[in-house]
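> Build me a structure from this.
(chains A and B)
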Amino acid sequence: MISTAEFEQLFFEYQPRLVRFAVRFVDEETAEDMVQNCFLKLWEKRESMALTNAQALLFQMVHNECLNELKHRVVAGTESLDALMEVEGSEQLYWQDFAPDADAQLIGNELEQQINEALTHVSDKTRDIFMMSRQKEQKPKEIAEQLGITRQAVEKHINAALDALRTYLPKNLLPLVAFWEAVLLYQ
Amino acid sequence: MEEFYHIAQSYFRGTISAPDEVRLSAWLKESDKNQMLFHIWEDEWRKQARSQASAKTQAAWEKLKAQTQQASVIQPLKPQQTVIRPLRRFYYAAAAVALLVFGVALWLLVPTRTGEAFIAQTAEQETQDLALKDGTEITLNPSSSLAYAADFGKKTREVLFEGEAKFSVAKDAERPFIIRTGDFSVTVLGTEFVLRAYPTDSIYTLQLTSGKVKVQYLQDSLFAETGDMVQFNTVTKQFRKKLEASNILLSDLVNRLERLYDVRIEVGDTALAHETLFISINTDDSFEDVCAALETLLPVVIEKEEDHYRLAAQ
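Numbering: from 1, shown residues only, chains lettered A, B, ... in the order given. Take a look at the predicted model:
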């Protein structure tokens, strides 16, 4: 049970650094909204929550929201994968602070791993073409010329890869129960 | 060090730069002492977070408050579920790791500058006597740590503590001595007691030898005086007070009971008043229960008169 006073204290104590964490992945306004949502979720669950480790839970929620946002952008194809995964600064610092007993799961690595897994559902050729377009930011026309196939064929491969990502990139929901179990394991 | 103090502050305030994140992260990994310092600074931040919130955070809070009020109107309150189990804050784990200092204790004296601190830690099977500059004497029991900021004693006397220790706190009415373990704290005016608050404990205990203290958890607080034992349940966040006294004179005990239960007790026999006894009373016990306990411990009967109680030899 988290009291109203405890909740308010949590907010003022952790909101600034959680927003700063999210800002590395998304724009400031989105970051603030994300953190706001996480606090609101915590508020709804406050009856069944212990105050201890509430900040670790908040961090995990914000972390997941960021990861989901990046996945969304991968599918939308607005940025190259490398740009999404290369963020300056130290994500590690936030892990040291919020969950020092856990291994840091850096968002870029997690995203990469999930993308690779989702792409096992398509052919190697489709995957390679998708990576050429998203990682090396090559235009379909360039890829077509390089591989000696038509531009339409390249686009078809890219669309097939995107379909696979839409289907197989799991959304990181926050299974509260699972998270608490994870917390217990760290003890 | 002062440099990292400022970097840590910017981290708490959410304004840290990317290169500073990297430096702070590396600095924290460098030593246990650095982590302890970080927690002292964080504790300082914790107290100011509300009053020093940026306009943005303040605005976000107002917005959230509106949303939560809306949510509570729409949502029926869920039945309260049981607390999962005592979970300690993560950073205590880091502090526990910090205790891997074998042999001699680590007693760091750092020059007094902003953000600097004194840290004392004991290893397993080691105790250590500390003399603070205000005259307070502390005996740290094994696997315990105590830290305070460099400005200790100037305006306040605050220490961060975990583990078990005996405190003999020097009197200073203007600067109460405050011992903090997370959100749990003990405020002392000048007294002697043993405090046990290991991060892994589900119940913290304080046994008061003499004097008066205030124990506090967030807004919840209670006073304890000579002979009292206070327990704080870290799971339910509830206090429990016990009166525990060894070799207490019956006359003294009667005085305590009078104040505790707001009753008047007349001791019928002067010889009886000099009896000493060992007694442990839960303060949530009823006065009748206490009387029954006394009647079994001593050859006495307690009878209710019109407006007071009368204690007499059997």
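
> most residues in a single helix of chain B, which one?
In terms of residue count, the longest helix belonging to chain B (DSSP state H) is helix B:55-74.

> for that helix, packing partners?
helix A:4-23, helix A:28-44 (3 or more CB pairs under 8 Å, 6 or more residues apart in numbering or on different chains; DSSP states H and E). In this view, the C-beta of every residue, glycine as well, is placed from N, C-alpha and C.

> Rounded mean pLDDT for the last one, please.
Taken as a whole, helix A:28-44 has an average pLDDT of 90.

> One more: stretch B:17-34?
Stretch B:17-34 comes out at a mean pLDDT of 89.

> Next: stretch B:177-195.
83.

> For it, output the C-alpha coordinates as CSV.
Provided in CSV are the C-alpha atoms of stretch B:177-195 (Å, rounded to 0.1, in the frame of the first residue of the first chain):
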residue,chain,number,x,y,z
PHE,B,177,20.2,14.2,16.5
ILE,B,178,18.4,12.4,13.6
ILE,B,179,19.2,8.9,12.5
ARG,B,180,17.8,7.9,9.1
THR,B,181,17.3,4.5,7.6
GLY,B,182,15.4,5.1,4.3
ASP,B,183,12.2,6.9,5.2
PHE,B,184,12.4,5.6,8.8
SER,B,185,14.0,8.0,11.3
VAL,B,186,14.7,8.4,14.9
THR,B,187,15.0,11.9,16.4
VAL,B,188,16.9,12.2,19.6
LEU,B,189,17.4,15.0,22.1
GLY,B,190,20.1,13.4,24.3
THR,B,191,19.8,9.8,25.4
GLU,B,192,21.1,6.3,25.3
PHE,B,193,19.7,3.4,23.3
VAL,B,194,20.3,0.5,21.0
LEU,B,195,18.9,0.7,17.4
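
> tally of neighbours for residue 58?
Since no chain was named, I'll use chain A. For A:Leu58, the neighbour count with other CB atoms under 10 Å in any protein chain shown is 21.

> my bad, the chain I had in mind was chain B
Neighbour number of B:Gln58 under other CB under 10 Å is 12.

> now swap in B:Arg240 and tell me
So B:Arg240, with other CB under 10 Å, has 16 neighbours.

> Just grab the bridge partners of the closest residue to it other than its chain neighbours for me.
Among residues not flanking B:Arg240 along the chain, B:Gln231 sits closest, at 4.5 Å (CB to CB, 6 or more residues apart in numbering or on different chains). With DSSP bridges as the criterion, B:Gln231 is bridged to B:Thr205, B:Arg240.

> List the residue ranges of chain B that fall below the pLDDT cut-off.
B:70-116, B:244-247, B:283 (pLDDT under 70).

> try 50
B:73-113 (pLDDT under 50).

> tell me the domain boundaries of it?
Domain ranges of chain B: B:1-76, B:90-236, B:246-313, per automatic domain parsing.

> so which of those domains is the most packed in?
With neighbours taken as mean count of other CB atoms under 10 Å in any protein chain shown, the domains of chain B reach their highest mean count in domain B:90-236, at a mean of 18.

> for A:Lys141, helix, strand, or coil?
helix (DSSP: H, G, I helix; E, B strand; the rest coil).

> Over to B:Thr296?
Under three-state DSSP, B:Thr296 comes out as helix.

> Can you identify the helix in chain A that spans the most residues?
helix A:54-76.

> at contact distance from chain B, anything in that helix?
Yes - using CB under 8 Å from any CB of the partner chain, helix A:54-76 reaches chain B at A:Gln55, A:Ala56.

> Assign a three-state SS to B:Ala292, would you?
helix.

> Grab the nearest non-local neighbour of A:Phe98.
A:Phe59 (3.8 Å).

> Touching, that neighbour and A:Ala99? I think so.
Yes - counting by CB atoms under 8 Å, A:Ala99 is a contact partner of A:Phe59 at 6.7 Å.

> Ok, which of the helices and strands packed on helix B:55-74 comes nearest A:Ala153?
helix A:28-44 (36.2 Å; CB to CB).

> What is the distance between the closest one and the centre of its chain?
Distance of helix A:28-44 from its chain centroid, counting by CA atoms, centre = their mean, to the nearest Å, is 15 Å.

> residues in contact with the longest helix of chain B?
A:8, A:11-12, A:15-16, A:32, A:35-36, A:39-40, A:43-44, B:14, B:53 (CB atoms under 8 Å, 6 or more residues apart in numbering or on different chains).

> switch the cut-off to 10 Å
For helix B:55-74, the surrounding residues in contact (CB atoms under 10 Å, 6 or more residues apart in numbering or on different chains) are A:4, A:7-8, A:11-12, A:15-16, A:19, A:28, A:32-33, A:35-37, A:39-40, A:43-44, A:46, B:13-14, B:49-50, B:53-54.

> For the nearest residue to B:Gln219 once chain neighbours are set aside, give me its contacts.
Using CB to CB, 6+ apart and skipping the chain neighbours, the partner closest in space to B:Gln219 is A:Ala5 (5.8 Å). By CB under 10 Å, 6+ apart, the contact set of A:Ala5 is B:Leu218, B:Gln219, B:Asp220.

> and the residues you listed as CSV, adding distance to A:Thr126?
CSV is the format used below for the contacts of A:Ala5 (distance: CB to CB, whole Å):
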residue, distance to A:Thr126
B:Leu218, 57
B:Gln219, 60
B:Asp220, 61
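
> Take these and write them to JSON lines, including distance to B:Ser144 and secondary structure.
Converted to JSON lines, the contacts of A:Ala5 look like this (distance: CB to CB, whole Å; DSSP: H, G, I helix; E, B strand; the rest coil):
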{"residue": "B:Leu218", "distance to B:Ser144": "24", "secondary structure": "coil"}
{"residue": "B:Gln219", "distance to B:Ser144": "27", "secondary structure": "coil"}
{"residue": "B:Asp220", "distance to B:Ser144": "25", "secondary structure": "strand"}
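
> Could you list the low-pLDDT ranges of chain A?
A:174-187.

> Just want the most central residue of it.
A:Leu67 (0.7 Å; CA atoms, centre = their mean).

> any idea how far it lies from chain B?
A:Leu67 sits 19 Å away from chain B, taking CB to the nearest CB, to the nearest Å as the criterion.

> Tell me if I'm right that that residue and A:Glu91 touch.
No - between A:Leu67 and A:Glu91 there is no contact under CB atoms under 10 Å: 11.5 Å.
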